[in-house]
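*Asks:* no sequence on this one, just coordinates:
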């Protein structure tokens, strides 16, 4: 089978439409359609079928995509074997990372990567929900994602998952709040508080909703702000309280903010690397992930 046609099929599967696949492949939609038809004729089975005004994969098409991943991953492994003859990993690694993880990990990661001659990273901060992650994998070698620890895993036989850390979520309170004197706070004590959360679908909001289900206490959400630094300032100014990640919350003296764990409740987000199956065979990618994990180890030791 023609490798170019297999790559076209995979891009169509990843992106969900002929137009999106054409954009990714820097060609016209008609060229993508032609490649798909040629591959279909080559295998002698229908690989796509009409779906409204677009197309979707048939069962045979989905099966072939999985095999295409294996074939293209084998090519990546062959290329990586050649890389072993070099003294260090080389090339550019594209990284998508959500903002608070970038704040937490990027300065140290970039310092670490700078020690490798010929290894470069191209980083984009992406305001991602868990449902965005599979499509981001189509554009990036490494996606640093987060999810509520009680949420479903990123499950796909076409993805590889590397755990980075479990980050507890603490209640952010103004320094002068009556509950700030406690070592831990009970969710029931916060029933009448005004909360600042994030947009629907983001992990911190998922945690608040799961706490509601488990405790019966429904938070009164007055603002939804995705930038945690803005939320910190709003909390410090007394405009509400929030659930914020422990390692990135600014609780230094003078910040006007304190963080307190919830009593008797496990509340955390999981931070994970998600990448396309076979990507770890590239020395450049595996090195970047190893340095991410090393940076996390330093962070958690300090925490």
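*Replies:* Yep, that arrived. Predicted, not measured: the structure shown is a model, and the values here were computed from it.

*Asks:* can you give me how far the top helix by length along the chain is from the chain middle?
*Replies:* Secondary structure assigned by DSSP state H gives helix 59-83 as the longest helix of the chain. Its chain's C-alpha centre and that of helix 59-83 lie 23 Å apart, by C-alpha atoms, centre = their mean, to the nearest Å.

*Asks:* before we move on, what about stretch 116-135?
*Replies:* Put simply, stretch 116-135 sits 8 Å off its chain's centre (C-alpha atoms, centre = their mean).

*Asks:* List the buried residues for it?
*Replies:* 116, 119, 121, 123, 125-126, 128-130, 132-134 (16 or more other C-beta atoms under 10 Å). (Glycine included, C-beta is placed from N, CA and C.)

*Asks:* Among these, which pair sits farthest apart?
*Replies:* Between any two of the buried residues of stretch 116-135, the greatest separation by C-beta to C-beta is 32.1 Å, found for 116 and 129.

*Asks:* Not counting residues beside it along the chain, what's closest to residue 132?
*Replies:* Among residues not flanking residue 132 along the chain, residue 126 sits closest, at 7.5 Å (C-beta to C-beta, 6 or more residues apart in numbering).

*Asks:* quick one, what contacts the one you found?
*Replies:* Each residue near residue 126 by C-beta atoms under 8 Å, 6 or more residues apart in numbering is listed here: 96-98, 132, 136.

*Asks:* swap in residue 172?
*Replies:* 231-232, 235, 241-244, 249, 257-259 are the contacts of residue 172 under C-beta under 8 Å, 6+ apart.

*Asks:* Strands - which of these land there?
*Replies:* 241-244, 257-259 (DSSP state E).

*Asks:* Of those - the most surrounded one?
*Replies:* When neighbours are counted by other C-beta atoms under 10 Å, residue 242 leads these with 30 neighbours.

*Asks:* where do the helices sit along the chain?
*Replies:* 3-15, 18-25, 29-43, 59-83, 99-113, 133-137, 203-215, 228-236, 283-302.

*Asks:* Let me know the angle separating the longest one from helix 283-302.
*Replies:* When axes from the mean of the first three to the mean of the last three C-alpha atoms, to 10 degrees is applied, the directions of helix 59-83 and helix 283-302 differ by 90 degrees.

*Asks:* still on that earlier bit, can you pull the phi/psi pair for the residue nearest to residue 132?
*Replies:* phi -130, psi 130 (degrees, to the nearest 10).

*Asks:* if I look at the residue lying closest to residue 270 once chain neighbours are set aside, how far off is residue 116?
*Replies:* Nearest residue to residue 270, sequence neighbours excluded (C-beta to C-beta, 6+ apart): residue 149, at 5.1 Å. Look at residue 149 and residue 116: by C-beta to C-beta, to the nearest Å, they are 33 Å apart.

*Asks:* can you pull the contacts of residue 213?
*Replies:* Neighbours of residue 213 in contact, by C-beta under 8 Å, 6+ apart: none.

*Asks:* any chance of the contacts of residue 172 in TSV, plus distance to residue 201 and pLDDT?
*Replies:* Formatted as TSV, the contacts of residue 172 follow (distance: C-beta to C-beta, whole Å; pLDDT from 0 to 100):
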residue	distance to residue 201	pLDDT
231	17	95
232	22	95
235	22	95
241	21	94
242	17	94
243	15	91
244	18	93
249	22	91
257	26	94
258	28	94
259	24	94
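
*Asks:* Quickly name whichever of those is closest to residue 89.
*Replies:* The nearest member of the contacts of residue 172 to residue 89, counting by C-beta to C-beta, is residue 249 at 34.0 Å.

*Asks:* so where's the stretch 1-150 of the chain shaky on pLDDT?
*Replies:* Counting by pLDDT under 70, the ranges of the stretch 1-150 of the chain that qualify are 82-88.
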